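>>> predicted structure and sequence below. I'll ask about it afterward.
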Amino acid sequence: MQQIQFQQGPIRPPSEADSLLIRTTQGCPWNKCHFCTLFEGMAFSIRPVEDIKRDIWAAKAFYKGRQFESCFLQDGDSFAMDTKDLLDVLQTLKQAFPGLKQVSSYGRAQTMTKKSPAEMKAICDAGLNMLYCGMESGSIEVLKKMKKGITPKSILKSAEYAKQAGMKMMTFIILGLGGKEFSDQHVNETATLLNQIDPEEIRILSLAVKPGTELDAMVKNGSFTPLTEIEMVMEQKKLISLLENVHGNYGNYHSINLLMELNGRLPEDKPQFLSTIDRFLAFEPEQQQNFILGRRVNYYSRLDDINNQLYFDTVQRELARIEQSGTANIDDIFYQLRQRMI
Ligand code: SF4
């Protein structure tokens, strides 16, 4: 088998599964968020332009003429590159893969706002036309508590730059990131910021606390109280209700989320999203627990799956076993099951 002769980073967004991956940077220029271990122990660096260009041609040779329509620039922030160098890389990409319709990258707000609007336009015109923004929250308190190193102001400014330049934007939001302490601020201010930005796509994630992170220590020392699964569903209901000026895709694609059917477009699918959430919230507590456990151990993928009597009974027996064992309360079990999924 032919060996890959070009660098590949450790992550890419799930939606880039079929994309060409070209690594422009290594690691994350911030690498301090309390909940994140994506680039743990990896020092950030910008790869030399000549190495990146060599990788592009090596990728072309490796894929033997396969034409890609999309390319994702790894790892954490291609906008950290000098603009001239990034343009050079984008031009080479276009030469090697003329069929590319979309080139995307993660971009940190603090990095992007160091570029001028003219530079952002030049970058978009050269092909980098899709931005992944790890906004996570629109609340200044939550962003500070999680040490995100960005502010709602910088997120908004970077989004304006990106949009004015012509880039599409996908924004990630983490339910539960404010904990019980800042849940209201998290939802209200995230909705406000999303209404201001009006991104092409919002992707929802549900918080799972990775053991060994700073956030894990905060849970243990009592300064962060995680939401229960049901509280996260209620956060999502409030968030959706408050999105009044969003005209784009809204998705729960990651299996860490409970209600995977909340995928579609805003504003048209908003009533359907809310009625799906209300359907879950109207379940009896025993049914809610059954559904949550069934989702977390992969018996169910959608709300309707709870009508499968065989699965329902199997999950019910498991719930009874947990209750009889008396080792932990059920919310703690769900919390631990979510931890295993990240
Ligand atoms: S900016 Fe993103 S990749 Fe970097 S530490 Fe924070 S969450 Fe992780």
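That came through, no problem.

>>> and for residue 308, the neighbour number?
Using other CB atoms under 10 Å as the criterion, residue 308 is surrounded by 14 other residues. C-beta coordinates here come from the backbone N, C-alpha and C atoms, glycine included.

>>> how close does it sit to residue 292?
Per CB to CB, to the nearest Å, residue 308 is found 16 Å from residue 292.

>>> just residue 81 next, same as before
For residue 81, the distance to residue 292 equals 43 Å [CB to CB].

>>> looking at these two now, which is surrounded by more residues?
Neighbours were tallied for residue 81 and for residue 292 using other CB under 10 Å; the higher tally belongs to residue 292 (26 against 22).

>>> can I assume the more buried one sits in a helix?
Yes: residue state for residue 292 (DSSP: H, G, I helix; E, B strand; the rest coil) corresponds to a helix.

>>> helices and strands around the top helix by length along the chain, which ones?
Using DSSP state H to define each element, the chain has its longest helix at helix 309-325. Under the contact criterion of 3 or more CB pairs under 8 Å, 6 or more residues apart in numbering; DSSP states H and E, helix 309-325 touches helix 285-296, helix 330-339.

>>> tell me how far residue 14 lies from residue 160.
27 Å.

>>> who touches residue 279 in this structure?
residue 303 (CB atoms under 8 Å, 6 or more residues apart in numbering).

>>> that one: helix or strand, and which one exactly?
Counting by DSSP states H and E, the secondary-structure element that holds residue 279 is helix 270-281.

>>> could you look up the SS state of the closest residue to the ligand within the stretch 101-250 of the chain?
Each residue of the stretch 101-250 of the chain has a distance to the ligand, by CB to the nearest ligand atom, and the smallest belongs to residue 134, at 4.6 Å. When the structure is split into helix, strand and coil by three-state DSSP, residue 134 lands in strand.

>>> quick revisit: tell me which residues are up against the longest helix of the chain.
289, 290, 293, 294, 297, 299, 300, 305, 306, 328, 330, 333.

>>> what's near enough to touch the second one?
I take that to be residue 290. The contact partners of residue 290, taken as CB under 8 Å, 6+ apart, are 306, 312, 315, 316, 319.

>>> okay, it: pLDDT?
Reading off the confidence values, residue 290 has pLDDT 98.

>>> and the last one, by the same measure?
Among the per-residue scores, residue 333 shows a pLDDT of 95.

>>> neighbours of it, how many?
Counted with other CB under 10 Å, residues neighbouring residue 333 total 20.

>>> before we move on, what about the fifth one?
Residue 297 is flanked by 12 other residues according to other CB under 10 Å.

>>> cool, the fourth one as well?
Around residue 294 there are 22 other residues, counting by other CB under 10 Å.

>>> just the buried residues of the longest helix of the chain, please?
Taking 16 or more other CB atoms under 10 Å as the neighbour-count basis, helix 309-325 is seen to contain the buried residues 312, 315, 316, 318, 319, 322.

>>> how distant is that helix from the center of its chain?
Between the mean C-alpha location of helix 309-325 and the chain-wide mean there is a distance of 32 Å, by CA atoms, centre = their mean, to the nearest Å.

>>> do stretch 155-170 as well
On the basis of CA atoms, centre = their mean, stretch 155-170 is displaced by 17 Å from the centre of the chain it belongs to.

>>> got the buried residues for it?
Of the residues in stretch 155-170, those buried under the neighbour-count criterion (16+ other CB under 10 Å) are 155, 156, 158, 159, 161, 162, 163, 165, 167, 168, 169, 170.

>>> stretch 242-254 now?
Within stretch 242-254, the residues that qualify as buried are 242, 243, 246, 248, 249, 250, 251, 252, 254, counting by 16+ other CB under 10 Å.
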